[in-house]
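**Student:** Pasting a predicted model and its sequence here:
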Amino acid sequence: ITTSGINAFGILAQSVGGGGGAVLSTGNAVTASALTYGYGNSGDVTIKINAPITTTGAGAHGVVAQSVRGGGGSITNGTTTTFYNGIKGTSGVVHISQNASILVSGAGASAIKAGSSTDPIVEIAAGVSAIGGVGGAALDFESPLNEVHNNGTIGTVDGAAGMAVRTLSGDTSITNSGTMIGNIKLSSDGSNLVHNTGTGTLIAGASLDLGTGTLRNDGVLTSGNAAGSVTRITGSLAQSASGTMALQVDHANARVDSFEVSGSATLLGSLRPSLANAGLIAPGKMALGTFLKAPGGVDTSGLAMGGDTAIMKFAVQQTGGELALSSTADFNPAGLNADGHRIGAVVAQAQTQGATTFRTLVARLVDVPTVAQLSQAYWNVSGAAASTVSVSAERMATAFNRVLLQQAGDAPGSRVASARPQAQAAGGGTWVVRR
């Protein structure tokens, strides 16, 4: 299904008991009122999406699904669609099974907009996306009970700045076993639970507003914004032993992503730093700032620090309900051989002085996991590093080349060991050592 007009929904499915229906427009203002004092029962609304839905117009939702009792329906005024429900009678269940992607790109359009006086249930299959438009939401609900089971991808064309899930009323249960990107805004008076399962990844925007609810993280929780950004979690955070909080660390600006929780936080499982501007890392210790605040208290009794490498080491400091992160960079760690120590010292000096010589190289070296692998990496890349030294770092290059010359000369049967400038090599050829 493909549409391109203003308010051109991909699917509109309603069951209305007691009088009513849908009022649509092509974007003009509409003067209308909904009949919500009738009496009548509505039935189930079941939608199985087995083919892609694409809409491009403003207000053009991918799917609009509603079961209404006692009169009512929906009114689209301008490009805003509002649901109306009566109170007399019973409603059916709105059940949406999404087995193909929904992509909407128009302003204010949502991939799925659903409502009932009972509960809409949305199930998104693996490999399938529900993507909302500019300023819209992926999923938009107005019901007493709202239920989501995601094994695919939920987000909007706005990325992490967009609204993944929005509810205007009721209790909400979200089970994410796929990928969810963006902000969450759930009804403030609802009983709300967002469960990011062991296979789930929640890429948060600036706000995860769960009212008084809980974010339970058994998978990966991370920020989708620039390194050092703040995500505010309204509610509580409970990360289990299988959960991971992935933090972007920016050594160029000495900052780290931060999660500010309005309630309490339990942080078990692991922390996993990822490095931004890694080529600018210099030797020594750096305080990176606070990455978690929870005035209701923080439990870190089972927290494990991940992300350590041969060069990088991370540590957590706790002060009351705040956790801070620091790092220590050592380009010359214990366990290197003599050549490795000399090369590490040269690289460390260049980074300390702010030289650009080894930045590309350093961005890769800081991810090398073990000292043994770092020693091999120093050997493997030393020639390439020396050949790309800038003129401005000529003195550093000379020192580096001396290390290389001595390193190569130490290797039995090496060409450098058996050659000197304009000297004969064992094979009869002439080798010239250039500095």
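**Tutor:** That came through, no problem.

**Student:** what pLDDT does Ser191 get?
**Tutor:** Note for Ser191: predicted pLDDT of 96.

**Student:** Just give the nearest non-adjacent residue to it, would you?
**Tutor:** Counting by C-beta to C-beta, 6 or more residues apart in numbering, Ser191 lies nearest to Asp171, which is 4.3 Å off, once chain neighbours are set aside. C-betas here are computed from N, CA, C, even on glycine.

**Student:** That neighbour bridge partners, please.
**Tutor:** Asp171 forms beta bridges with Leu145, as assigned by DSSP bridges.

**Student:** is it true that it touches Leu210?
**Tutor:** No. Asp171 is not in contact with Leu210 according to C-beta atoms under 8 Å; the separation is 11.2 Å.

**Student:** Tell me which of the two has more neighbours.
**Tutor:** The neighbour comparison of Asp171 against Leu210 (other C-beta atoms under 10 Å) goes to Leu210, with 26 against 20.

**Student:** Could you check how far that one is from Ala238?
**Tutor:** 11 Å (C-beta to C-beta, to the nearest Å).

**Student:** remind me which residues of this protein are low pLDDT?
**Tutor:** The chain contains residues with pLDDT under 70 at 32-36, 382-435.

**Student:** what are the ranges of the helices in it?
**Tutor:** Taking DSSP state H as the criterion, the chain carries its helices at 338-352, 359-365, 371-387, 394-410.

**Student:** same for the second one, what does it pack against?
**Tutor:** Applying 3 or more C-beta pairs under 8 Å, 6 or more residues apart in numbering; DSSP states H and E, one finds that helix 359-365 contacts helix 338-352, helix 371-387.

**Student:** Out of those helices, which is the most enclosed?
**Tutor:** helix 338-352 (a mean of 20; mean count of other C-beta atoms under 10 Å).

**Student:** mind checking how far that one is from the chain centre?
**Tutor:** Computed by C-alpha atoms, centre = their mean, to the nearest Å, the chain-centroid distance of helix 338-352 equals 35 Å.

**Student:** mind listing what His341 touches?
**Tutor:** Contacts for His341 (C-beta atoms under 8 Å, 6 or more residues apart in numbering) come out as Asn332.

**Student:** For Asp171 and Leu210, list the residues in contact with both.
**Tutor:** Asn192.

**Student:** is it possible to export the helices and strands packed on helix 359-365 to CSV including distance to Val30?
**Tutor:** Listed next are these as CSV, based on distance: least, C-beta to C-beta, whole Å:
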stretch, distance to Val30
helix 338-352, 64
helix 371-387, 66
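
**Student:** Cheers, nothing more for now.
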